[in-house]
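A.B. asks: just a sequence and a predicted model for now, questions to come.
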Amino acid sequence: MNRSLCVLFAIAALVLAGTGCYVPSPKVGKSMSSDSKVAVGDAESTKVSIAVGVGKLNVTGGAEGLLDARFEYNIPDWKPEVSYEVEKGLGRLTIEQPSSVVGATWPSNVRYEWNLRLSDKLPMDLDVEMGVGKLDLDTRGLNLRHLKVDAGVGEGRIDLSGTTSDLVADVEAGIGKLKLLLPSDVGVRVEAEGGIGHVRANGLTGNGDVWTNDAWGKSKVSVRVNVEGGIGEVEIEKVARETI
């Protein structure tokens, strides 16, 4: 899927409308759930891609294998698609909304919630793409090397407060409110650019579009966060490890 799912869906809907194509509203049925478990296999590291067009996405660590997932939804055709392959020690896990969602009208009573647990053990690059909805990403315990998030439209919360190894995080702020929780005892540098509506930093020192905590330049581990674009509010807060 493209960088911004919400933009993609809007373009698709306009194109279909312009060509006279009718895209029926999906049929809403009874709420149902499905589980998905993915074993690590022969992977020594992983790249995980998660793409949700509309709904709620909750991501944490603690999976027994690579992935323990529960999906809640009331549109049968929107059952999430999960694929995994391992090549030369690199596992590639993809979790995404079906392509049939593109161009569809979203009913007001749609229920679509993903609860994903990922492995704490393997080194991981994580790419999260949110269209419209609510994002809650808790990386505590995950062995992240690189994080990329497109927050889309809605409310987002990204918890990096448990980071204990070097991490680079690239965040597209989107439209709405985004909250970043960062460690206080690990060096943190946040740079915001691209016309963000409003940035509020609690417990960090600001210098133009850059904010750092007291541990920046002193700790062996560093967290670099690049926040770009967005219309709305970005709140940055440091969290003491003992309160986690």
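C.D. replies: Sure, I can see it.

A.B. asks: contacting residues for the closest residue to residue 64 other than its chain neighbours?
C.D. replies: Of all residues not flanking residue 64 in the chain, residue 37 sits nearest, at 7.6 Å (CB to CB, 6 or more residues apart in numbering). Where you see a C-beta, it was placed from the backbone N, CA and C, and this is true even at glycine. Residue 37 sits next to 64-65, 67-69 when contact means CB atoms under 8 Å, 6 or more residues apart in numbering.

A.B. asks: check contacts around the residue nearest the centre of the chain.
C.D. replies: Centroid-nearest residue in the chain, with CA atoms, centre = their mean: residue 128, separated by 3.4 Å. Contact analysis of residue 128 by CB under 8 Å, 6+ apart lists 50-51, 57, 59, 135, 137, 147-150.

A.B. asks: so it, which of the three states?
C.D. replies: strand (DSSP: H, G, I helix; E, B strand; the rest coil).

A.B. asks: also the one 5 residues further on?
C.D. replies: Assigned state for residue 133: strand (three-state reduction, three-state DSSP).

A.B. asks: gap between it and residue 148?
C.D. replies: Residue 133 sits 18 Å away from residue 148, going by CB to CB, to the nearest Å.

A.B. asks: these two: which is more packed in?
C.D. replies: Neighbour totals were compared for residue 133 and residue 148, and residue 133 leads with 22 against 17 (other CB atoms under 10 Å).

A.B. asks: how far does whichever strand or helix holds the residue nearest to residue 64 sit from the chain's center?
C.D. replies: Counting by DSSP states H and E, the element that carries residue 37 is strand 32-38. When C-alpha coordinates are averaged (CA atoms, centre = their mean, to the nearest Å), strand 32-38 and its chain have centres 19 Å apart.

A.B. asks: what does stretch 183-193 give?
C.D. replies: So, by CA atoms, centre = their mean, the centroid of stretch 183-193 is 19 Å from its chain's centroid.

A.B. asks: check stretch 33-47 too.
C.D. replies: 17 Å.

A.B. asks: what about residue 218, neighbour count?
C.D. replies: By the criterion of other CB under 10 Å, residue 218 has 11 neighbours.

A.B. asks: three-state assignment of it?
C.D. replies: coil.

A.B. asks: so what's residue 186 closest to, chain neighbours aside?
C.D. replies: Closest to residue 186 by CB to CB, 6+ apart is residue 221, at 4.8 Å.

A.B. asks: quick one: low-confidence parts of the protein?
C.D. replies: 1-25, 100-107, 194-197, 241-244 (pLDDT under 70).

A.B. asks: helices of that one, start to end?
C.D. replies: In the chain, the helices defined using DSSP state H lie at 5-18.

A.B. asks: how near is the residue nearest to residue 64 to residue 219?
C.D. replies: From residue 37 to residue 219 the distance is 36 Å (CB to CB).

A.B. asks: same check on residue 114?
C.D. replies: Where residue 219 is concerned, residue 114 sits at a distance of 34 Å (CB to CB).

A.B. asks: neighbour count for those two, which is higher?
C.D. replies: Taking neighbours as other CB under 10 Å, residue 114 and residue 219 compare with residue 114 leading, 21 against 15.

A.B. asks: my guess is the more buried one meets residue 57, correct?
C.D. replies: Yes - counting by CB atoms under 8 Å, residue 114 touches residue 57, with 5.0 Å between them.
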